[in-house]
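1. the following comprises the amino acid sequence and a computationally predicted model.
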Amino acid sequence: MASQHGLSFNDLDQRLAASRSEEQRVSHNEEGHDPFEADTRRDWDAVFALVDLAEPDDISMAWGRYKALGPPWPFGDFLTEAHSRIPTGSEASFMRALGHVTEFGLAHLECALALMPEACMGLD
């Protein structure tokens, strides 16, 4: 299609390879860290101290504490720890609150939905 319009992409293969390499780097850090595997080296009690996971501002505060610990910041780690601290029956309140945290976009919410146990989905 590009050639029909007189366009040439001589380095397209190199750009695609570089893009794939970058995607892999983002998915796994230099140490092979899986972004969905919990990071036990963090002080999670400090991150979630006095946080009500049904309140968007509190989740935002916990996210800020997590980011202050320094990279990497796998969202999956944060969600796994948050989920382990949600009282039974409060999962839907957490998901509603998560949707109102201004630092999080659609990709964050998609990740959160993927990590929530199926039994919790559809609860009001």
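-> In hand now; what should we look at?

2. now do the helices in this structure.
-> With DSSP state H as the criterion, the chain has helices at 12-27, 44-47, 56-68, 75-84, 91-98, 106-115.

3. can you list the ones you listed in TSV and add mean pLDDT and mean neighbour count?
-> (Each C-beta comes from the backbone N, C-alpha and C, glycine too.) Compiled in TSV, the helices of the chain are given as follows (pLDDT from 0 to 100; neighbours: other CB atoms under 10 Å):
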stretch	mean pLDDT	mean neighbour count
helix 12-27	51	10
helix 44-47	94	16
helix 56-68	95	17
helix 75-84	90	18
helix 91-98	90	18
helix 106-115	85	13
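
4. contacts only, for the nearest residue to Ala82 once chain neighbours are set aside.
-> Nearest residue to Ala82, sequence neighbours excluded (CB to CB, 6 or more residues apart in numbering): Leu53, at 5.9 Å. Neighbouring residues of Leu53 by CB atoms under 8 Å, 6 or more residues apart in numbering: Ile59, Ala82, Arg85, Ile86, Ser90, Ser93, Phe94, Ala97.

5. swap in Lys67?
-> Neighbouring residues of Lys67 by CB under 8 Å, 6+ apart: Trp73.

6. distance of it relative to Glu103?
-> Lys67 sits at a distance of 9 Å from Glu103 (criterion: CB to CB, to the nearest Å).

7. with Arg85 instead?
-> Taken as CB to CB, the span from Arg85 to Glu103 is 19 Å.

8. do the same with Asp43
-> 20 Å.

9. quick one: residues contacting Pro56.
-> Going by CB under 8 Å, 6+ apart, Pro56 touches Ala97, Leu98, His100, Val101, Thr102.

10. these two touch, right, the first one and Ser60?
-> No: the pair Ala97 / Ser60 is not scored as a contact, 9.5 Å apart, by CB atoms under 8 Å.

11. phi and psi next, for Pro72.
-> Here is the backbone geometry of Pro72 (degrees, to the nearest 10): phi -80, psi 160.

12. Phe104 contacts Ala97, doesn't it?
-> No: Phe104 lies out of contact with Ala97 (CB under 8 Å); the separation is 10.4 Å.
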